[in-house]
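Engineer: Sequence unavailable; structure follows:
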């Protein structure tokens, strides 16, 4: 029933071609990507621009290679298509703002400076705002790479690490600000569901932390990265959280990264059962419980078997 209703676009490293299921999904225009660098935002723009060329594409879900679904595809599709706008985690912040200089637009952009996760679900208007041309990417690149503030940061980075830091390499994490700030400055923030579609935590699972403070003047820490789930971490407890039903507070932006717009509703299960053929009602509504998340990350290759076993448990 869903044949022809979705397309997949992938951005592997330049020159790499997928085999198997993802063969032929590679976009033609690609860039070399470094974790934490502004090249991540460039890859997002290239993916969105490729998808925007098809006028039939109405929703754009950005995922990484370690994101996995936690609901049947039909459920994910119905949720995405029923959203009133885009689903983007966004909150007010001063994080990293001092690293940027937007010239004549500095006051406007920094007055609506936002932070959030890069795993977003955009409607066509939001995707076009971010990626129809290079205006926003060029503004971010120039603001972080060609200013005295950025030059001073690179000098300190070399002192601390002993490594040369190119203007597009240092860990400024532009991808955590790029989409959110562009949508805020463009006036699209009121149409957002201010939450990420992806269940994500930081640090080790046992620590229970959702997000850690990040001081880019200090050496990188492993727990800045999203939690990578080992086989022993994946089971009913994790899926109960990832598949929870929530009520949403649609006020955007949020006050900070801990101001979650979702209120989980314990004991209320997702409206589908893999053992029955009935089509569930997974559509989003701000007036009734809806799916908290659509996907989960990070599931590495060695955890895939445990994930599949927990996804559809026997019996």
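Structural biologist: In hand now; what should we look at? Note that the structure is predicted; figures quoted are calculated from it, not measured. Numbers count the residues shown, from 1 in each chain.

Engineer: Now do the strands in this structure.
Structural biologist: Under the criterion DSSP state E, strands of the chain are mapped to 59-61, 68-69, 86-87, 91-92, 114-115, 121-123, 192-193, 198-199, 245-248, 262-264, 290-291, 295-296.

Engineer: where do the helices sit along the stretch 201-315 of the chain?
Structural biologist: 236-242, 304-311 (DSSP state H, counting those that start in this stretch).

Engineer: which one of those lies closest to residue 254?
Structural biologist: Residue 254 sits nearest to helix 236-242 of all these, at 19.5 Å, using C-beta to C-beta. C-beta: built from backbone N, CA, C; applies to glycine.

Engineer: what's the closest one packed up against?
Structural biologist: helix 304-311 (3 or more C-beta pairs under 8 Å, 6 or more residues apart in numbering; DSSP states H and E).

Engineer: Show which residues not belonging to the helix it packs on make contact with it.
Structural biologist: Contacts with helix 304-311, where a contact means C-beta atoms under 8 Å, 6 or more residues apart in numbering, come from 68, 70, 229, 231, 232, 234, 235, 236, 238, 239, 299.

Engineer: at 6 Å instead, please
Structural biologist: Under the contact criterion C-beta atoms under 6 Å, 6 or more residues apart in numbering, helix 304-311 has outside partners 68, 231, 234, 235, 239, 299.

Engineer: is it true that the last one touches residue 68?
Structural biologist: Yes - checked against C-beta atoms under 6 Å, the pair residue 299 and residue 68 is within contact range at 4.8 Å.

Engineer: Generate TSV for the strands of the chain, with mean pLDDT and mean neighbour count as supplementary columns.
Structural biologist: Listed next are the strands of the chain as TSV, based on pLDDT from 0 to 100; neighbours: other C-beta atoms under 10 Å:
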stretch	mean pLDDT	mean neighbour count
strand 59-61	98	21
strand 68-69	96	18
strand 86-87	98	27
strand 91-92	96	20
strand 114-115	96	26
strand 121-123	98	25
strand 192-193	98	26
strand 198-199	96	24
strand 245-248	96	18
strand 262-264	96	16
strand 290-291	96	23
strand 295-296	96	23
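
Engineer: To residue 254, which of those lies closest?
Structural biologist: Here strand 91-92 is closest among these (C-beta to C-beta), at 4.0 Å.

Engineer: That'll do, ta.
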